[in-house]
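Undergrad: Build me a structure from this.
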Amino acid sequence: MGDIKLPKHMFLWSMSVIYMFAFASLYVQIPGLYGNDGILPARRMLRYTGKPLLEQLQDSPTLLWLGPQLGLDTQQGMELICLLGTLMAFGAMVWEPLRDALIFLFLWVLYLSLYQVGQVFLYFQWDSLLLETGILTVLVAPFNLFKWKSTVSKRHDGITFWLIRWLFFRLMFASGVVKLTSRCPTWWGLTALTYHYETQCIPTPVSWFAHQLPVWFQKLSVVGTYAIEIAIPFMFFAPIRRMRIVSFYLQALLQVLIILTGNYNFFNLLTIVLSLSLLDDEHVYFFLGHRKQNKSRSWTQTQIKWGTALAELASYCLIVYWTVVYFELEINWEKKSISSKTAFTYHEFNQWLKAVTIPSIWIGVLSLTWEITTAMFKCASVRGFFWKLWATIQWAIFATAAACMFAVSLVPYTYIENDSNSKIWPGVRTMYDSVDRFQLVNSYGLFRRMTGVGGRPEVVVEGSYDKETWTEIEFMYKPGNVSAAPPVVAPHQPRLDWQMWFAALGPHAQSPWFTGLVQRLLQGKKDVIDLVQVDESQYPFKSHPPTFIRARLYKYWFTKVNEDGSVPQKWWRRQFSEEFYPTVFLGDPNLDSLLNHFGLKDKGQPKRNADTFLPVTLRAVREYARALPAPLILWSLFFTGAAICLLKVLFSGSRSSSSKNKEKEAVAAVEKNDQAVKKEEKEKTKRTENSADCDKYAKKRK
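TA: Okay, here's the model as predicted:
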């Protein structure tokens, strides 16, 4: 691979933005989710038993153990962590020296601290992916925070940046494979996308229009998804540079389409950030319009170029051929459509997966070995004994770290195939078990099964004062009102709305937190109500909390285009399915029994913190941010940081242009001076020659 200075710079900047989104999004929701009056108070996750701090950190690695020393309770400790993470990530976004290994290490520790007490609201795959990417970012980032000028060798960058590519491969390949290993009939029947757009957690307005596409196109889209997620990832390690770049654009295209049709917070943005590991400086310069001048090639170089082009073309043809054969793609010219169906069995796919899993590991081994060897030769070319020794030491450290991270990742990677997982060396498995709680490596597999085939299940919460007249409590983001358009909330993740989607997939007993939500709504707790509706005018029980609450299960479907081709006024249609949660009230024995069963019964209020500087400051910031919608906060931070970065580029560009002009003027002055000196020397020489000629002439006359 070529130089990766620019892709690495883009990666570190993008990781700063992702961290900023993640911390700011969670900060807004902490009081309602984890506060003392929240749905799942986080203080229950920390048991202060009097153990030494080191033992507490071993039991649960989180900085929240330090809260009491700072005069903070668990909620305020989480808020402080989120604010610190947001500010540090914002600083790294706008100031390059802060994109340092120590800063990213601290950001990773902060997010891990939140993850340890986050419970069900923080146990999403993208949270694990952010932690794994975060620890790899520590290896990729330079170590120059306390140095005026970085002296860290860049010769090992190819090794550490390769780990990002390996993570990206594991994520995409596993996401494609699990769709088939799950035996989901919609994925095998290629009809998954005919349900996906209306049954995903939080659709976007574009989802409604995508749902109207013809079935043949939806099935063809599933085939394309399989090709991009299962076949194309092997091109990540291709020795031909153009194949890696083509795979980058295909993966980016898939993620952009998902962003347009679904609210998946920062996940798809993070996936695109991982795909930057496929680029190099030459392509980034080409993208920016700085094309490299073509040099004349020798006959051998021309033959190699044509050979690689033919190999590349053959690879594309094989992928297209296998796609056509294994999904029986046929063009129907009369109907102007493309028919498709799966032409292989579950057993055949399992045999293929068993045959390819171990070789894919060896492909990774060879690719990593190449990067390590290349870096070693770069270190050997360093001049000076001391600098060569220092570069070699760094190479050895980062090569060992990369090899260990690669080895540990094989355990979760091979979860996709049991026989391959059983062949993992016991020593590697022991290493994985020892670091598992730190989320250094994880297994992935998104959209394993398609839910809502018979209609999207949706929980609708209702409140009443007299048990006769019921009023729906409409959430800000999840579907409820059939006339309300789907929102656009990414990169914010409304974690309560997401869990409401999971709760609808089973009985309420499988979602213990739902009983905590009902209790807080009956109590009229402001922090929880803010998760439902930030705008008090949209909450039907703003003056007084409801006396009774119940929850009912509905089936939702997207409406269809009218016969005349016009768009209907309503986005959804729905039908009552069954009761989800019985009617309860404060003091209800049934509610108290459920609270006790799930360990959610209030056991007295915790002590109020002293009015010292830090708690008072945190409360003031909270009061200021309470009335602002979360997406507005996130995008305000982003555009502010982007504007600062743009101004810095413009000012640096003007400075560089002015300095270049000064240099040109100086060069022109020097040249002018040189010309004057040369002219004077010529005139002097001429005068000397003339005087000499006169002397000769005078001598001749004498």
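Undergrad: just the helices in the stretch 401-550 of the chain please.
TA: 418-422, 426-435, 495-503, 513-523, 526-532 (DSSP state H, counting those that start in this stretch).
Undergrad: Tell me the buried residues in the shortest one?
TA: Applying a neighbour-count criterion of 16 or more other CB atoms under 10 Å, the buried positions in helix 418-422 are 420-421. C-beta coordinates here come from the backbone N, C-alpha and C atoms, glycine included.
Undergrad: tell me what that helix is packed against?
TA: helix 346-380 (3 or more CB pairs under 8 Å, 6 or more residues apart in numbering; DSSP states H and E).
Undergrad: what's the average pLDDT for the helix it packs on?
TA: For helix 346-380, the mean per-residue pLDDT is 95.
Undergrad: Distance from the chain centre to it, please.
TA: Chain-centre distance of helix 346-380: 24 Å, with CA atoms, centre = their mean, to the nearest Å.
Undergrad: do you know how far the residue lying closest to R626 once chain neighbours are set aside is from R622?
TA: Closest residue to R626 apart from its sequence neighbours, by CB to CB, 6 or more residues apart in numbering: D530 at 6.5 Å. Between D530 and R622 the distance, using CB to CB, to the nearest Å, works out to 11 Å.
Undergrad: so what's in contact with those two at the same time?
TA: The contact sets of D530 and R622 overlap at P31 (CB atoms under 8 Å, 6 or more residues apart in numbering).
Undergrad: So which residue is dead centre in the chain?
TA: Most central in the chain under CA atoms, centre = their mean is L270, positioned 1.9 Å from the mean C-alpha point.
Undergrad: And the helix or strand where that one lies, what's buried?
TA: Using DSSP states H and E, L270 maps to helix 267-275. Going by neighbour count (16+ other CB under 10 Å), the buried part of helix 267-275 is 267-275.
Undergrad: do the same with stretch 397-410
TA: 398-399, 401-402, 405-410.
Undergrad: So which of these sit within strands?
TA: Judged by DSSP state E, the subset of the buried residues of stretch 397-410 located in strands is empty.
Undergrad: Check which helices and strands the helix holding L270 sits against.
TA: Identification of packing neighbours for helix 267-275 by 3+ CB pairs under 8 Å, 6+ apart yields helix 5-34, helix 125-140, helix 157-181, helix 241-261.
Undergrad: got a list of what the residue nearest to the centre of the chain touches?
TA: Shown in contact with L270 (CB under 8 Å, 6+ apart): 18, 126, 129-130, 133.
Undergrad: picking up where we left off before, so the residue nearest to R626 makes contact with G32?
TA: Yes. D530 lies in contact with G32 (CB atoms under 8 Å); the separation is 5.7 Å.
Undergrad: More neighbours: those two, which one.
TA: Between D530 and G32, counted using other CB atoms under 10 Å, G32 has the larger neighbour count: 23 against 20.
Undergrad: Show me the strands in this structure, by range?
TA: Secondary structure of the chain (DSSP E): strands at 330-332, 337-339, 456-464, 471-473, 548-558, 572-584.
Undergrad: so how far is the second one off the chain centroid?
TA: What separates the centre of strand 337-339 from the centre of its chain is 34 Å, taken as CA atoms, centre = their mean.
Undergrad: Then the fifth one?
TA: Centroid separation for strand 548-558 versus its chain: 32 Å, with CA atoms, centre = their mean.
Undergrad: circling back to that earlier point, could the helices and strands packed on helix 267-275 be laid out in CSV, adding distance to N421?
TA: Below are the helices and strands packed on helix 267-275 laid out as CSV (distance: least, CB to CB, whole Å):
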stretch, distance to N421
helix 5-34, 30
helix 125-140, 18
helix 157-181, 12
helix 241-261, 26
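Undergrad: Looking at those helices, which is nearest to H492?
TA: Nearest of the helices and strands packed on helix 267-275 to H492, taken as CB to CB: helix 5-34 at 4.7 Å.
Undergrad: and the angle for that closest one with helix 125-140?
TA: When axes from the mean of the first three to the mean of the last three CA atoms, to 10 degrees is applied, the directions of helix 5-34 and helix 125-140 differ by 140 degrees.
Undergrad: Okay, buried residues for helix 5-34 please.
TA: Using 16+ other CB under 10 Å as the test for burial, helix 5-34 gives 6-8, 11-34.
Undergrad: just to revisit the earlier point, taking helix 241-261 as reference, get the angle to the helix holding L270.
TA: Angle, helix 267-275 to helix 241-261, by the same axes, to 10 degrees: 170 degrees.
Undergrad: so which of the helices and strands packed on helix 267-275 comes closest to S652?
TA: Closest approach to S652 among the helices and strands packed on helix 267-275 (CB to CB): helix 5-34, 14.2 Å.
Undergrad: okay, and for this protein, where does confidence drop off?
TA: 1, 145-153, 292-296, 604-610, 653-702 (pLDDT under 70).
Undergrad: measure V206 to F447 for me?
TA: Distance of V206 to F447, computed by CB to CB: 18 Å.
Undergrad: Have a look at these two and say which one is more surrounded.
TA: For the pair V206 and F447, the greater number of neighbours falls to F447 (19 against 16), based on other CB under 10 Å.
Undergrad: Can you name the residues that contact the more buried one?
TA: Residues near F447 by CB under 8 Å, 6+ apart: 175, 179, 192, 196.
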